[in-house]
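Engineer: The following comprises the amino acid sequence and a computationally predicted model.
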Amino acid sequence: ILILLYFSTLIVTSWQLTLFTVLVLPGMGWLMGKVGKKLKRKSLEAQGKWSDTMSQLEETLGGLRIIKAFIAEDKMVDRFKQCSDELRDATNKVAIRQSLAHPMSEFLGTLLIVLVLWFGGLLILGDGTSMEASTFIFYMVILYSIINPLKDFAKAGYNIPKGLASMERVDKILKAENPIKEPVNPLPLHGMNDRIEFKDLSFSYDGKREVLKHVNLMVPKGQTIALVGQSGSGKSTLVDLLPRYHDVQLGEITIDGVNIKNFRIHDLRALIGNVNQEAILFNDTFFNNIAFGVENATMEQVVEAAKIANAHDFIMETELGYQTNIGDRGGKLSGGQRQRISIARAILKNPPILILDEATSALDTESERLVQEALERLMKTRTTIAIAHRLSTIKNADEICVLYEGEIVERGKHEELLEKNGYYKRLNDMQSLS
């Protein structure tokens, strides 16, 4: 308001001088805009370098064992040094441009005063004098009162592009379109009464190579269906389509005859429990990791789930029991212990549908035995889709489906598939030899 009042006074005092001032300002604004755009660009570059440096640091710390095993310490140090140097250079460029804000605004303010003095002198000394010297002095006092806050505004303006660069990166994430759409009029889903069906299912990640080709599969309630096959045959993709981590492109998946796209994603995923090859744990206590995703879980419920998962004994051997912190990603635990905590979490959730994605493939024999026992308890009365690496773990499945290059090429029980002397028999023989 004060600036507007001062500006009105300038117009009344001398409209010619004010018009001249207004004509000069766009040029100065253009110059400030050029500097601001460069600052924004350099800020984006600096944030990209910061992201690269943090990624490199995370990879290095997460892969220390491999780095040491391959004697690659010097190589990783050189990589990190390169990332750090690039980050330092990018940050310095931003700092230099930011440090120019004060001298640039001072220079532009002084330049404006000089130009106004020159033009005011012409008005006072020229033929047909249109301005008195005393009036000009009054004009300059008012103008100077405006320039100081304008300079402060200009200096603050140099910080805006840097902030905009940060906002732009965050905005890209916030505005990223989620390809998984909620139904407009969702149907209620409170459980599964009959079966899951995969009908003529085809899927491609890139729109070119089909990962799944016309897959048909029925999973009756309470039964265990096992998926086996070589890496890249489409097993994990098939089970990822059920909780809608990706959407079906051709065909459909139904629960009790209703397409899963007609259910709310939250309701659909609430029916499904996952135990994966790599247990995803958090830097928190045993209790909070087991109770993750289950509101208001009691200690009694968590302990019962841990006992079923063969996890209670080793938890109680720790100093604080269920309140012991397990470290980043469960780093204080062995692979088998992490897997049993993951199973306990699934038991506590008590889902009617269970997905097991090679849950025992990375374990030693003793750990596999304990985990397999826990899995068998978990699978009782549940509808289970199990991806198996070790065929010995799925011998008792109600049906075994063999996938090859995205197609189901064989199906049946363990003994039936061995008698067919086909692809499953070859997989079984290779594992027996190894």
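Structural biologist: Happy to help now that I have it. Numbers count the residues shown, from 1 in each chain.
Engineer: Val94 sits in which helix or strand?
Structural biologist: Val94 belongs to helix 73-99 when elements are defined using DSSP states H and E.
Engineer: roughly how far out does that helix sit from the chain middle?
Structural biologist: Averaging C-alpha coordinates over helix 73-99 and over its chain gives two centres that are 25 Å apart (C-alpha atoms, centre = their mean, to the nearest Å).
Engineer: And it, what does it pack against?
Structural biologist: helix 15-62, helix 159-174 (3 or more C-beta pairs under 8 Å, 6 or more residues apart in numbering; DSSP states H and E). In short, each C-beta sits where N, CA and C put it, glycine included.
Engineer: Mean neighbour count, distance to Thr91 and mean pLDDT added to those helices, as TSV?
Structural biologist: Shown next, in TSV, are the helices and strands packed on helix 73-99 (neighbours: other C-beta atoms under 10 Å; distance: least, C-beta to C-beta, whole Å; pLDDT from 0 to 100):
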stretch	mean neighbour count	distance to Thr91	mean pLDDT
helix 15-62	15	5	77
helix 159-174	13	11	64
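Engineer: any idea of the angle the helix holding Val94 forms with helix 15-62?
Structural biologist: 170 degrees (axes from the mean of the first three to the mean of the last three C-alpha atoms, to 10 degrees).
Engineer: and helix 73-99, what's its mean pLDDT?
Structural biologist: Predicted confidence along helix 73-99 averages 83 (mean pLDDT).
Engineer: Pull out the buried positions in it.
Structural biologist: Buried residues in helix 73-99, defined by neighbour count with 16 or more other C-beta atoms under 10 Å: 76, 83, 86-87, 90-91, 93-94, 97-98.
Engineer: likewise stretch 216-227?
Structural biologist: Taking 16+ other C-beta under 10 Å as the basis for neighbour counts, the residues of stretch 216-227 that come out buried are 217, 219, 221, 223-227.
Engineer: what's the farthest-apart pair in those?
Structural biologist: Looking at the buried residues of stretch 216-227 by C-beta to C-beta, the two members farthest from one another are Lys221 and Leu227, with 18.0 Å of separation.
Engineer: ok, and the closest non-adjacent residue to Val239?
Structural biologist: Closest residue to Val239 apart from its sequence neighbours, by C-beta to C-beta, 6 or more residues apart in numbering: Ile355 at 5.0 Å.
Engineer: what secondary structure does that neighbour sit in?
Structural biologist: Assigned by DSSP: H, G, I helix; E, B strand; the rest coil, the conformation of Ile355 is strand.
Engineer: tell me what the helix or strand where Glu252 lies is packed against?
Structural biologist: In this structure, Glu252 is located in strand 250-255 according to DSSP H and E. Where contact means 3+ C-beta pairs under 8 Å, 6+ apart, strand 250-255 is packed against strand 195-204.
Engineer: What pairs with the strand it packs on, parallel or antiparallel?
Structural biologist: Each strand that strand 195-204 pairs with, and the sense of that pairing, follows from DSSP bridges: strand 210-220 (antiparallel), strand 250-255 (antiparallel).
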